[in-house]
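Participant: Show me how the following folds:
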Amino acid sequence: MVRIVRATQAEIDEAVTALRDGELVAFPTETVYGLGANAQNPAAVQKVFEAKGRPTSHPVIVHIDSPKYLHRWVREVPDVAQALAARFWPGPLTLVLPRNPNVHDIITGGQDTIAVRVPAHPMAQQLLTAFGGGIAAPSANRYGRISPTRAEHVREEFGQAIRVVLDGGESQVGLESTIVACGPAGTRLLRPGAVTLAQLRQVAGEVLVGSADAVPRVPGSTPSHYAPATPMTIVPADEIDTRAEDASEGGRRIAVLAQRLPLKTYTSVTWINAGRRADAYAHDLYANLRTLDKAGCEQIFVQEVPGDDKWDAIRDRLLRGAAASEVENAEFPAAGALGAMP
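Facilitator: Numbering: from 1, shown residues only. Below you'll find the model as predicted:
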């Protein structure tokens, strides 16, 4: 069972003071840890982009503690968005809606839409309620790398650069939120997450899938993202042992993320059995990838996951992580990156 921790009043007061001073605060949500700034302070939000190395054209999600404050950020809320919010908030769903004119471009990437979420984690709710405003927060990691699901992951990424890191234990979900755009062109799933397509359609009826012309840019939508520093390759399930054995016989150090135990012991292979339950696999995915990234291996082989919608979000993150490795290998063919990104 995931341990949920509440912050002390002193910790919340320190975090609220930091936000009001224009500083950054890392805090837990049920999806992953966020790196937050006062969403009404453009200079503070700029610090988020600088800390992460994130392009300013990439929008961020504004976190609020209740749907009743949507009007501060959103110009209008379509009926379908109201229905989705009523069903899934607080929770791992982000809605993309028409922005209010007072929202700064740095939040939206210069677009006419804004991404908003009401997180369910008790500590995130404590912080948001005490702060009394919106917190702009992408994941608390270097841009394009593995998202953090524990406070220690945040500290590994940023050291002492972040003034306050609230420790709320492990994230319950372990993958970023589902993102859905609600607008004149219909309801569209832009990033899969714990709220599945089937669940969305039960509430919203027709839900389109994927990007299209005039669809807003959203967090985590680039083709390569969520990547370990060690090159990562997705391998068909029936080939995972063969690939591990071949690499082992060649003396290479290889890491494997699979859904079962190996058929036998392979020399110089680090193997993690992540199991066959989608929710448990998702919860542990980023922690497992971080472990394998630190193993000093040349390559990470990931067993291909099932094709049903329970695995959509996991498959999305793995495909983007593998694509990032392909891009880096093409740009730096001799780099052979090992270990975690500094």
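
Participant: can you give me the strands in the stretch 101-250 of the chain?
Facilitator: For the stretch 101-250 of the chain, the strands defined by DSSP state E, counting those that start in this stretch cover 113-117, 135-136, 164-165, 178-183, 186-191, 208-209, 232-235.

Participant: partner strands of the last one, parallel or antiparallel?
Facilitator: Within its sheet, and counting by DSSP bridges, strand 232-235 is paired with strand 299-303 (parallel).

Participant: Now do the partner strand: distance to the chain's middle.
Facilitator: Centroid separation between strand 299-303 and its chain, computed with Cα atoms, centre = their mean, to the nearest Å, is 20 Å.

Participant: cool, stretch 31-44 as well?
Facilitator: Averaging C-alpha positions (Cα atoms, centre = their mean) puts stretch 31-44 14 Å from its chain's average.

Participant: can you check stretch 282-299 too?
Facilitator: 16 Å.

Participant: and what of stretch 182-198?
Facilitator: Centroid displacement of stretch 182-198 relative to its chain, using Cα atoms, centre = their mean, is 16 Å.

Participant: Give the buried residues for it.
Facilitator: 182-183, 187-196 (16 or more other Cβ atoms under 10 Å). All C-beta spots, glycine's among them, are computed from the backbone N, C-alpha and C.

Participant: Over to stretch 37-44?
Facilitator: Those would be 37-41, 44, for stretch 37-44 by 16+ other Cβ under 10 Å.

Participant: follow-up on the earlier one: nearest to Glu14 among the strands of the stretch 101-250 of the chain would be which one?
Facilitator: Minimum separation from Glu14 across these (Cβ to Cβ) falls at strand 164-165, 5.6 Å.

Participant: related to what we said a few turns ago, got TSV for the buried residues of stretch 182-198, with distance to Gly321 and pLDDT too?
Facilitator: Formatted as TSV, the buried residues of stretch 182-198 follow (distance: Cβ to Cβ, whole Å; pLDDT from 0 to 100):
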residue	distance to Gly321	pLDDT
Cys182	28	95
Gly183	29	90
Thr187	27	96
Arg188	23	96
Leu189	20	96
Leu190	18	95
Arg191	14	95
Pro192	14	96
Gly193	16	97
Ala194	18	97
Val195	21	97
Thr196	20	96
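
Participant: so which pair among the residues you listed is furthest apart in space?
Facilitator: Counting by Cβ to Cβ, the most remote pair of these is Gly183 and Ala194, 22.8 Å apart.

Participant: picking up where we left off before, what is the nearest of the buried residues of stretch 182-198 to Arg217?
Facilitator: Using Cβ to Cβ, Leu190 comes nearest to Arg217 of those, at 9.1 Å.

Participant: Ala181 versus that closest one, what's the distance?
Facilitator: Distance, Leu190 to Ala181, by Cβ to Cβ, to the nearest Å: 6 Å.
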